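K.L.:
my questions concern the predicted model and sequence given below.
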Amino acid sequence: MGLKCLLPLLLLSLLIADCASRPLYRLPSEAKDGTKKPLQTSRPFNVAHRGSNGEFPEETAPSYMRAIEEGADFIEADILSSKDGVLICHHDVNLDDTTDVADHKEFADRKRTYEVQGMNLTGFFTVDFTLDELKTLGAKQRYPFRDQQYNGKFPIITFDEYISIALDAPRVVGIYPEIKNPVFINQQVKWANGKKFEDKIVETLEKYGYKGSYMSEDWLKQPIFIQSFAATSLVYISNLIDSPKVFLIDDVTILTQDTNKTYAEITSDEYLDYIKPYVVGIGPWKDTIVPVNNNRLMTPTDLVARAHSRNLQVHPYTYRNENQFLHFGFYQDAYLEYDYWINKIGVDGLFTDFTGSLHNFQELSSPLPKLQ
């Protein structure tokens, strides 16, 4: 391997080694304006699911930075809140599976049981910790079969810090924040002047200049999709911000957190017609589009066709390279899976844990025009 190939890896290693003493990113005010390569718009979007979390613990600064280095169009984050109302990047409402909270004896008395989406969950919850306390925890890899060497080395980051990473990228990189568990967060966290969780998210986005409808000049400068499984949250913020929104869809048997509807009802023509004025797309679990039986793909549904007929984009989740996540028929080859979803099913974006593999596949199969 030549020096040119080793240099990016060396720089990343130095950043990781130094993470305990200083941030891994600069503030957006330090980024140079007007010199960045624009967002590609000629092929499906490469959405880094919680960053490049196949390599680094999810929702951490190195995970997002690695995704940018590997070619992500958007970096995706789940937004929750601390006890003191600071917005953070973390997927689960509890901390048990992706942090070392269990090793912190000083927090042993913080274990609680809450009802979340109709189920009782017991563990350590973000809403019972201040930001300062959350910052003392170390993130860890969710899956035991992935690299464990970075466990405990990186802290939880704030929504502001995540945005700063995107804005400081050497090219235009979009953000894809999720309004996560808004019903639960609004029950447990109270902000001044009657503000809601959704209001605080929009305030933060406006502070950093995010605005503009899909493909507008403002949007192309700072691309964003706002996503949620809660349709009521997306409808609510549609009166606050004109940035494009994506409605997430879970397994068809599951009840939504904010209505008494199943996602089977949510994917009906009637509901798609209802939600269309508020969103530019849907983000379904991929097995909702193509059902799976005994790890074998079944006949695709018509969900993509029905969404496209309403001019809605489709950004399914989640694509993972490991054999246990690849369905039979793809022969343990992630490229075959990408090819199937992009060229046969016809999706408009993909949430992936392995940003680099999707980027490499697209560079091989549909290289960008020279101007991009």
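P.N.:
It's in.
K.L.:
low-confidence bits of the stretch 101-250 of the chain, can you list those?
P.N.:
Residue ranges of the stretch 101-250 of the chain with pLDDT under 70: none are present.
K.L.:
could you pull out the strands for it?
P.N.:
Counting by DSSP state E, counting those that start in this stretch, the stretch 101-250 of the chain has strands at residues 112-116, 119-123, 174-179, 226-228, 245-249.
K.L.:
can you redo those as CSV, where the extra columns are mean neighbour count?
P.N.:
The way it works is simple: take the backbone N, C-alpha and C, and place the C-beta from them, glycine included. As requested, the strands of the stretch 101-250 of the chain are exported to CSV (neighbours: other CB atoms under 10 Å):
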stretch, mean neighbour count
strand 112-116, 14
strand 119-123, 12
strand 174-179, 24
strand 226-228, 28
strand 245-249, 24
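K.L.:
now distance to residue 343 too, for those strands, in a markdown table please.
P.N.:
Compiled in a markdown table, the strands of the stretch 101-250 of the chain are given as follows (distance: least, CB to CB, whole Å):
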| stretch | distance to residue 343 |
| --- | --- |
| strand 112-116 | 38 |
| strand 119-123 | 38 |
| strand 174-179 | 23 |
| strand 226-228 | 24 |
| strand 245-249 | 22 |
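K.L.:
residue 305 is nearest to which of those strands?
P.N.:
The closest of those to residue 305 is strand 245-249. By CB to CB, the value is 15.1 Å.
K.L.:
which strands or helices does the closest one pack on?
P.N.:
strand 226-228, helix 231-237, helix 263-266, strand 281-284 (3 or more CB pairs under 8 Å, 6 or more residues apart in numbering; DSSP states H and E).
K.L.:
who does it pair up with?
P.N.:
With DSSP bridges as the test, strand 245-249 is paired with strand 226-228 (parallel), strand 281-284 (parallel).
K.L.:
now tabulate the ones you listed in JSON lines and tack on distance to residue 332.
P.N.:
Shown next, in JSON lines, are the strands paired with strand 245-249 (distance: least, CB to CB, whole Å):
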{"stretch": "strand 226-228", "distance to residue 332": "30"}
{"stretch": "strand 281-284", "distance to residue 332": "24"}
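K.L.:
so for residue 171, which of those sits nearest?
P.N.:
Using CB to CB, the strands paired with strand 245-249 put strand 226-228 closest to residue 171, at 21.6 Å.
K.L.:
centre of the chain to the closest one, how far?
P.N.:
Computed by CA atoms, centre = their mean, to the nearest Å, the separation of strand 226-228 from the middle of its chain amounts to 9 Å.
K.L.:
can you tell me what sits against that strand?
P.N.:
76, 176-180, 182, 201, 205, 234, 237, 241, 243-248, 283 (CB atoms under 8 Å, 6 or more residues apart in numbering).
K.L.:
tell me, how many residues neighbour residue 89?
P.N.:
The number of residues packed near residue 89 is 31, by other CB atoms under 10 Å.
K.L.:
surely it is in contact with residue 159?
P.N.:
Yes. Counting by CB atoms under 8 Å, residue 89 touches residue 159, with 6.4 Å between them.
K.L.:
how distant is the strand of greatest length in the chain from the center of its chain?
P.N.:
Looking across the chain with DSSP state E, the single longest strand is strand 74-81. When distances are taken as CA atoms, centre = their mean, strand 74-81 is centred 5 Å away from the chain's centroid.
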